[in-house]
Structures are given as structure tokens and as C-alpha cells.
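1. Here's my sequence, what's the structure:
(chains A, B, C and D)
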2 protein chains.
Amino acid sequence: MVKVKRDTGRAVERLRAVGLRPTRQRVELASLLFRTGDRHVTAESLHDEVSGLGLKISLATVYNTLHQFTHAGLLRQVIVDAARGYFDTNTGDHQHFFLEEEGTLIDIPGEDIQVAGVPQPPMGLTVDRVDVVVRVRRA
Amino acid sequence: MVKVKRDTGRAVERLRAVGLRPTRQRVELASLLFRTGDRHVTAESLHDEVSGLGLKISLATVYNTLHQFTHAGLLRQVIVDAARGYFDTNTGDHQHFFLEEEGTLIDIPGEDIQVAGVPQPPMGLTVDRVDVVVRVRRA
DNA sequence: CTCTAAATTTAGAATAGTTCTAAACTATTG
DNA sequence: CAATAGTTTAGAACTATTCTAAATTTAGAG
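-> A predicted model of the protein is given here:
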């Protein structure tokens, strides 16, 4: 009987690389998040996914982990909705389409989109980053 | 004894113009919001302001009114923070600097800033609007 | 291996912002 | 002014998120 093993090695490495202990919960979440390409999750959506797979991770841990991953540079938070917080596995330079009705985010490559004419910020302030959200709806 | 009257006439007109009954609460809020130039408020910040002036409007009414004003096109909602909802009296084409640490919004004229290269949205979707948030911090 | 200290996870309570509800009140119309 | 439709309100309810303190797990030393 061959035990079906999740591709957990990469996740462990990745966690070690950023100085996070590879606990079961972190490894499982990292495996899910980084297995495929770019993903956009919500704490609840990720928790549901985890639960659906029969894994047991508390919602609090999902929240904690998402924040830890974000601080570690593994994830990025995307603010598009006053109601929910989204996390994006794509930490590179890019922007988003946001389909409010469905809570769906779609990446726009950073090379595609360009913002020009950002004025110098008021005295004493420096630009941290420029976020573009293209709000879309079903036609 | 001359009664100090708030410049309430304009507010009443403005409300009538968009089909909202000029109740005391709406008139007071409209007067505050539209008296000066562009303003950025939060339900709570506006409620505090109102209370500070000795006026009595429930927080629920402030929320209701902000939404009604928004639907009527008198205000615009700005999404920059997962925690609070901001409302902007400037409903024209423009963008924002956002100083997260202090919750401060600063307008960027729409003429200044330009977004180029927004790809065509996925099939069946149309662009509703493009929001740019320039996140700034104290240097 | 086993033990310990430190880190992590967890259930559930707590919090913050916002929305809902149903009763009281007010503006408009006739 | 009376009727009625719209509005306001206090407080309950709700949602997403954070906190807390106790239980568990990990890493590393022996």
C-alpha cells in the first residue's frame, strides 16, 4: 500500500527559508497555497478548503498563518473589498481586476499596466506602493 | 437676539434635487459634508463630528444617510482599508494618496494621474471603474 | 531517545465596524 | 389637521478578525 504523500518537501523548504518552523498546519497551508500558480484566498475560503480536504486547522491558525506568510513575503494582502481581506500568492509587481459581485480577483501583469503622473506626495511622505484595482461587472 | 442659522438652504435644495426628503438629520449631515470643499469621512468620524457640535443623530442614521447620499451620487465610497469604509464628497474623476497609519486620504486630481495598458477584461466582463491608491508613509 | 524551553495551535471569548429590526416619530399630501 | 408613507432610532444581531490563556508541538541539548 503506497501512502499518497502530499508534495510537502517544497513547502517545508520554503518555510525554513523564511525562518518559519514547518509545523503541520503551516506545511499544509503552504502546500495548498503554493502548489499551483497564483491564487487569491480569503481566510475563510482557505479554511473551508482545508476543512473540505478533511484537514483540521483552526480558523485562528489560518488567520495567523496568512499574516505570518505575508510578513515573510510569501503572500501579499490585497485590499479591494471593505468586507473581506484577500491574500495573493503572487507577490510580484502586478495589479487586479476585481469582480465585486462574486468576490473574484484576477491578476493583471505588472508589465501590462502603467500608472503615470502620480504627483509627489505631500511633504514628509514617501510612496510605499501604487495599487490599481480595475472594478468589473458582468456585462 | 439673532439666531445663528446654519447655511441650510443649499443642503435642502441639494437633497430635493436628488429626491431625498430634507429631514433634519439629512440636512445637518449634508450641510456639514458639503459646506467646505472635498472631504473624506468615515461613518464614525462624521458621527463624532456631529455629536461634538451638539447635534443628535444616531450612528445608524449616519450609516443610512451616507449610503443614501452615495446612491444618489452625492458621495463616493473609497475602499482603501479593510477595517473602515471611507466616503468622499468629491465624486468626480480622481484618485487618492492613503496614509494608512493615520487613516488619512488625500485627493489626486484625475487629470494628473493616468493608467495605461489595462487589458481587456475577461469575456463577459466590463470595466466599471479604475481605482488607484497610492499608499504613502511618513518618511 | 528523552527532556525542556520556547514556539505554536486552539477553542472560545472579545472586539470593531456595520447592518438589521421593529417601534416611535416626522414630513408630505389631501 | 388627519392619514400615510417615509424616516429615525436604540439596541440587538451579524461578520470578519483578533485576542487570550491553556494545551500541544517542535527543536535541540543531553
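2. CA atoms for contacts and neighbours, from now on please.
-> Will do.
3. Show me which residues of chain A sit near chain B.
-> Within reach of chain B by Cα under 8 Å from any Cα of the partner chain, chain A has these residues: A:79-85, A:97, A:108, A:112-119, A:121, A:124-139.
4. Mind checking which of those land in helices?
-> Residues of the residues of chain A next to chain B located in helices (DSSP state H): none.
5. Return a selection command, for use in ChimeraX, containing the buried ones of these.
-> Only the buried entries of the residues of chain A next to chain B go into this ChimeraX selection, using 16 or more other Cα atoms under 10 Å in any protein chain shown:
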select /A:79,80,81,85,97,108,113,118,121,126,127,130,131,132,133,134,135,136,137
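6. In strands, which of the residues of chain A next to chain B fall?
-> Judged by DSSP state E, those include A:97, A:108, A:114-116, A:125-138 as members of strands.
7. which of the residues of chain A next to chain B come close to DNA strand C?
-> residue A:82 (Cα under 7 Å from any atom of the strand).
8. what about stretch A:36-44, near DNA strand D?
-> Yes - interface with DNA strand D: stretch A:36-44 contributes A:42-44 (Cα under 7 Å from any atom of the strand).
9. Now pLDDT and distance to DNA strand C too, for the residues you listed, in TSV please.
-> Below are those laid out as TSV (pLDDT from 0 to 100; distance: Cα to the nearest atom of the strand, whole Å):
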residue	pLDDT	distance to DNA strand C
A:42	97	16
A:43	97	13
A:44	97	13
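10. from the residues you listed, which is closest to chain B?
-> Using Cα to the nearest Cα, residue A:42 comes nearest to chain B of these, at 12.3 Å.
11. Show me which residues of chain A are close to DNA strand C?
-> Residues of chain A lying near DNA strand C (Cα under 7 Å from any atom of the strand): A:20-21, A:23-26, A:56-62, A:64-65, A:82.
12. which of these has the most neighbours?
-> residue A:26 (23 neighbours; other Cα atoms under 10 Å in any protein chain shown).
13. pretty sure it contacts residue A:66?
-> No - under the contact definition of Cα atoms under 8 Å, residue A:26 does not touch residue A:66, with a separation of 9.3 Å.
14. If you count neighbours, what's buried in the lowest-mean-pLDDT helix or strand in chain A?
-> Sorting the helices and strands of chain A by mean pLDDT, DSSP states H and E puts helix A:9-17 at the bottom, at a mean of 90. Using 16+ other Cα under 10 Å as the test for burial, helix A:9-17 gives A:11-12, A:14-15.
15. so what does it touch, helix or strand wise?
-> Applying 3 or more Cα pairs under 8 Å, 6 or more residues apart in numbering or on different chains; DSSP states H and E, one finds that helix A:9-17 contacts helix A:24-35.
16. For residue A:61, which non-adjacent residue is closest in space?
-> Spatial nearest neighbour of residue A:61, excluding adjacent residues (Cα to Cα, 6 or more residues apart in numbering or on different chains): residue A:25 at 7.8 Å.
17. Next, find the distance separating that neighbour from residue A:55.
-> Distance of residue A:25 to residue A:55, computed by Cα to Cα, to the nearest Å: 9 Å.
18. thinking again about what came up before, most neighbours among the residues of stretch A:36-44 next to DNA strand D, please name it.
-> Going by other Cα under 10 Å, residue A:43 tops the residues of stretch A:36-44 next to DNA strand D with 21 neighbours.
19. What residues does it make contact with?
-> A:59, A:62-63, A:66, A:85-86 (Cα atoms under 8 Å, 6 or more residues apart in numbering or on different chains).
20. And residue A:106, by the same measure?
-> Per Cα under 8 Å, 6+ apart, neighbours of residue A:106: A:96-98.
21. count of neighbours near the residue nearest to residue A:8 when sequence neighbours are not counted?
-> Nearest non-adjacent residue to residue A:8, counting by Cα to Cα, 6+ apart: residue A:31, 6.1 Å away. Residue A:31 has 19 neighbouring residues, counting by other Cα under 10 Å.
22. Check what pLDDT residue A:31 gets.
-> Looking at residue A:31, its pLDDT reads 95.
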